[in-house]
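Participant: model this:
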Amino acid sequence: MSGGLSTFSLAIAPAISPAPARPVIIAISTSDDPSPSIPTRALKPLDSVVHSMLFMQWFTLSNMHFPILKSVDLGVEATMEIGQFAVDFAYPENDNQRLSNEDSDADEEGDLDPSTTPPLFSKYFTTIAQTQRVLRRRHDTRTRLQRNQQEYEAWQAQMPALVDYYLERKHGPSEDQHDDGAAPEHFFHVDLISVFSYTPRVSVHQRHEEQANVSLMRAGAVGCSPTQPTVAVALQCLELYHRLRRRQSSFSIQAMVKTLCALHNITYTHHLRVQFSVAFDVYLDILRRIRCALDQALGRVGLQWKLRGACPCCAFSQPDEPVLIPARLHSMDGNQSAKRLDGSGYTDPRAFASDYFVPVDQVERFKDDVKSKARSDSKQAACTDNWNAANPGGDEQIKVFEQTGIFLLACRHGFMECVIEMKRSGELAKYSLSAVNQILEFCGQDQAIGHDIGCVSKGTVASSSLGQKAKESNLSIVVNAFHGFAHNRACQLENHPLYLQGFGNEDLETCERIFASSNSTASVIRHASYCHWKQFLDLHFDQWDCDKYLELSKFLLNNYCQALNIIDKYSAELATFKSTTGFTDADFEKWHEEEKKYMCNCANESREVSLAVEYVELLQKLQFAEATYGSQTTAPFLTYTPAQYTPTSGLNTTARMCTSAITAEYASALRRYRLQMNAVEHFEKHRTFIRVVDELEGLVVQRLFELSKANLASTGYKMRKHISKALAKRSTAIRTTLERYNKLAPRQTPPRRTLDYTEVISYATLGDFALLKSSHTDILSKPWATLTNRDMLTKYFKVLRSQEEIERLNVEIRRLAAWVDFDDRKIHLSAEQLRQDGFPYLAVEMDLLYAEHHRVNDVHRVRLRKMYLLMGFSGSRPPPAISDDGGDVADEIEEEEDVVNGDALRLSDCLDRIS
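Facilitator: Numbering: from 1, shown residues only. The predicted structure follows:
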């Protein structure tokens, strides 16, 4: 034990936790003699975390003993804490590495005195837990809801200051010019996230009694915590995502954060998404407060503005303009894509105030307004059977959702008027009644609404508390043009916009176009909190309205061109037809009334006839059962006639007279029975034919809906494949049913003509099928029942509606021309007023709004000039004093219109084939 450095090695055999407990042998030897010089002794097995052989070497250095623990087995990395040291170990992979002397830098001066050698487990062999107080995380007794509530309140308390400093940074002097030269009161550091850069520990200057997020706002960032932010997101990054999210609603926060992580070479984790979400919510709140201040200055606030003035072509009336009846055209419908799972985000206490959504309490006013009752109108029953609007599915599917969708009200130009959230239900009557109430409350007289089940909604409104007010306001509720083709022919003739005066070429399918766009939000709001659910829908609809305002003049121009084309095309055909056949416009009107009267009376099989046929069918089954039973019995009835009763016997004279009378009565009854049986057989034959036509009709209507769904935007690949398979099966079913029809058609009285497949799938209206069911020869010989005359009748009504469309467009064009000048002037004057009132930064924001609106209004001015130059334009032309601010804009629009016109012509041809 003398001479040089004395080293003791402690060898501990491994103790694997799954194995049975066994002693761990510790051998102590000097470095000079590898053989153990001290007898071994047994210790308790080590804890299960010790899975390798350990060697402990003790070194003496300046009278201090530093224990170093080495792990030398299995190549496993570990960190062991001994005394007050934490040592990282990489285990050698072989014994040679294990036996190498890695501690050659030890001090070799002095010998180790065995008498002064400390015990094996001395005070130097202690853990950190024995020598230091363990730092533990503070246990927060608050619930997550309480923490979020306090965080929300902290943000709200500093939001006015954040808005002011946001405007100051955006429009005020630079930080260098604003700095008063005073020494900074305090600096703190944050990790700054920008679009293309990530900068850790950025120093932020904090003034005296200034909140940390205000200091960050002056530096151009938003913190991720309301009190002590350690991470901040640059305003440019938030604005970029804001613009992306407005244009593409399915671009989630998670996708944005993952994109930033890829740009900054950082591994994505969930807390990064949470941090970015907090900063983005604060940024949206700042923008929303600024926009509310601007809207307040312009007088365009709240849901009332959406209904009364958001669409200039609907609401900006001009003096001495023609009276339009209906005054405005609206569309309402429900959609179940915007669902939200019950319980999602339940710890988010925030309430989002949106100008689009109708308050829930106003909707619940109508929950018991219409009592459920048995449906008595067979025509409405047939309509709702053909088109089940917003079928909610099973109750099990609804129970898991708190918001099951949204119910919209929009004008014919596409502007959102109100949104109603559907809660834990399908499309109930209270939602449509609430939308109707908004129209009656804010839009005035002579309004018209299109609904996919407008025939039913009309009766619902009439029987509700709004019935009298709707009647006094001359409210019209009709069916949409496309959905109307699924209604029975009698309903079409009464409620379809093609046959209603004043509706023009409007199809009233605006809500379907909105849903095709808003469906993109479904993937990011399904599991969102209620606040985020409403916030992101509000953001989507706000951008939708901005896009519709930009496309407003294009809408008018395309509709004007379409109406002129229909008039030019069909007027010539109608003139040729009338000169050839001698029919007049009065005949067309007469045909329409005759068909309407006939379809209302006998287009559908009555309940009495159905019961009579069912009764005869049951009698036939009874007769067959009795005959089957009689053929199997062995006890026939006995008859006996005495032999003395001969025909010449005078005793049976009375009997023979009675027999003759009974025989004559029997023969007469038999003849009547056979006549009735022939009538029943004929009726049953015709009823079978009617059932085949009904089946064929249903298959064609289903195919029509599936085709429309397949072409909707945002229809996923799996859904398209599913629809394609359904269409293939539907085509096969149509062919099979058509074969049955063609077999029965010649056997009818009068005989029906056979049909081919291409002719059947081209049927878009149910009137063609209704005529096939008719059994009256006089009806089939009517002029309006022939195919050629019916086609001309449809073209006649299209010409009438196109003429009405031009009359309405002339009024709307004049309104838009007046609005663009009024809008520019209004915004400019509001900016000047804000400056005078001492709000210079808000005035600059108003100037930016003016620049945006003026740019869009210049686009409208260019298109308005194009409309004034159209061949056939009959509206009023203003004096040539319209600003010519954008020659480049005109050139770009010219190129765009060439493409649009081609698409419009193809769409017009498609609509012609459908209708």
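Participant: how is this structure divided into domains?
Facilitator: Using automatic domain parsing, the domain ranges for the chain come out as 8-131, 153-177+184-298, 302-369+379-550, 583-624+668-785, 803-914.
Participant: let me know the average pLDDT across the second one.
Facilitator: Across domain 153-177+184-298, pLDDT averages out at 93.
Participant: what's the answer for the fourth one, then?
Facilitator: Predicted confidence along domain 583-624+668-785 averages 64 (mean pLDDT).
Participant: repeat that for the longest one.
Facilitator: Along domain 302-369+379-550, the predicted local confidence has a mean pLDDT of 88.
Participant: start to end distance for it?
Facilitator: 21 Å (C-alpha to C-alpha, to the nearest Å).
Participant: identify the residues contacting the closest residue to Gly414 other than its chain neighbours.
Facilitator: Once flanking residues are discounted, Gly414 sits nearest to Lys548: 4.1 Å by C-beta to C-beta, 6 or more residues apart in numbering. (C-beta placed from N, C-alpha, C; glycine too.) Contacts for Lys548 (C-beta atoms under 8 Å, 6 or more residues apart in numbering) come out as His413, Gly414, Phe415.
Participant: and Asp545, what does it touch?
Facilitator: Residues in contact with Asp545 (C-beta under 8 Å, 6+ apart) are Ala310, Phe415, Met416.
Participant: ok so, going back, what's the closest of the contacts of Lys548 to Val363?
Facilitator: Phe415 (21.0 Å; C-beta to C-beta).
Participant: out of the contacts of Asp545, who has the most neighbours?
Facilitator: Counting neighbours by other C-beta atoms under 10 Å, Met416 comes out on top of those with 25 neighbours.
Participant: the residue lying closest to that one once chain neighbours are set aside: which element?
Facilitator: Distances taken as C-beta to C-beta, 6+ apart place Phe541 nearest to Met416, at 4.9 Å, with adjacent residues excluded. Assessed by DSSP states H and E, Phe541 sits inside helix 530-550.
Participant: for Thr628, same thing?
Facilitator: Using DSSP H and E, Thr628 sits within helix 607-632.
Participant: for the contacts of Lys548, which one is nearest Ala279?
Facilitator: Among the contacts of Lys548, and counting by C-beta to C-beta, the member closest to Ala279 is Phe415, at 31.5 Å.
Participant: wait, what's in contact with the closest one?
Facilitator: Lys306, Ala310, Cys311, Cys314, Asp545, Lys548, Tyr549.
Participant: same check, this time on Arg142
Facilitator: Per C-beta under 8 Å, 6+ apart, neighbours of Arg142: Gln150.
Participant: cool, and Arg144?
Facilitator: Thr347.
Participant: now swap in Ala161 and tell me
Facilitator: Listed by C-beta under 8 Å, 6+ apart, the contact set of Ala161 reads Gln211, Val214.
Participant: again, only this time at 6 Å
Facilitator: Contacts for Ala161 (C-beta atoms under 6 Å, 6 or more residues apart in numbering) come out as Val214.
Participant: just the strands in the stretch 451-600 of the chain please.
Facilitator: 476-479 (DSSP state E, counting those that start in this stretch).
Participant: quick one, helices of it?
Facilitator: Using DSSP state H, counting those that start in this stretch, the helices found in the stretch 451-600 of the chain span residues 454-462, 467-472, 481-484, 489-495, 510-518, 522-525, 530-550, 552-581, 585-602.
Participant: any chance of the ones you listed in CSV, with distance to Pro226 too?
Facilitator: As requested, the helices of the stretch 451-600 of the chain are exported to CSV (distance: least, C-beta to C-beta, whole Å):
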stretch, distance to Pro226
helix 454-462, 48
helix 467-472, 48
helix 481-484, 49
helix 489-495, 56
helix 510-518, 32
helix 522-525, 25
helix 530-550, 16
helix 552-581, 41
helix 585-602, 67
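Participant: which one of those helices lies closest to Tyr356?
Facilitator: Closest among the helices of the stretch 451-600 of the chain, once you apply C-beta to C-beta, is helix 530-550, at 5.4 Å.
Participant: quick check: buried residues in that closest one?
Facilitator: Neighbour counts over helix 530-550 (16 or more other C-beta atoms under 10 Å) mark 530-545, 548-549 as buried.
Participant: now, among the contacts of Asp545, which is nearest to Asp823?
Facilitator: Closest to Asp823, out of all of the contacts of Asp545 and judged by C-beta to C-beta, is Ala310, at 12.1 Å.
Participant: surely the closest one forms part of a strand?
Facilitator: No - under DSSP: H, G, I helix; E, B strand; the rest coil, Ala310 falls outside any strand and is assigned coil.
Participant: give the contact list for it.
Facilitator: Phe415.
Participant: do you know how far it is from Asp295?
Facilitator: Distance, Ala310 to Asp295, using C-beta to C-beta, to the nearest Å: 11 Å.
Participant: then Thr269?
Facilitator: Taking C-beta to C-beta, one finds Thr269 at 39 Å from Asp295.
Participant: of these two, who's got more company?
Facilitator: Using other C-beta under 10 Å, the more surrounded residue of Thr269 and Asp295 is Asp295, with 15 against 10.
Participant: just the buried residues of the helix or strand hosting that one, please?
Facilitator: Under the criterion of DSSP H and E, Asp295 resides in helix 270-298. Within helix 270-298, the residues that qualify as buried are 272-273, 275-288, 290, 293-294, 297-298, counting by 16+ other C-beta under 10 Å.
Participant: what does stretch 831-848 give?
Facilitator: So stretch 831-848, judged by 16+ other C-beta under 10 Å, has buried residues Ala831, Leu834, Phe839, Tyr841, Leu842, Ala843, Val844, Glu845, Met846, Asp847.
Participant: with stretch 465-478 instead?
Facilitator: Leu466, Ala470, Ser473, Leu475, Ser476, Ile477, Val478.
Participant: among those residues, which pair sits farthest apart?
Facilitator: Leu466 and Val478 (16.9 Å).
Participant: burial count for Val370?
Facilitator: Val370 has 19 nearby residues by other C-beta under 10 Å.
Participant: surely it forms part of a helix?
Facilitator: No - assigned with three-state DSSP, Val370 falls outside any helix and is coil.
Participant: verify the stated contact: it with Ser464.
Facilitator: Yes - the criterion here is C-beta atoms under 6 Å, and Val370 meets it with Ser464 at 5.3 Å.
Participant: is it true that His483 touches Asp452?
Facilitator: Yes - the pair His483 / Asp452 is scored as a contact, 3.9 Å apart, by C-beta under 6 Å.
Participant: in terms of neighbours, single out the busier of the two.
Facilitator: Each of His483 and Asp452 has its neighbours counted (other C-beta under 10 Å); Asp452 has more, 28 against 25.
Participant: can you report phi and psi for that one?
Facilitator: phi -60, psi -30 (degrees, to the nearest 10).
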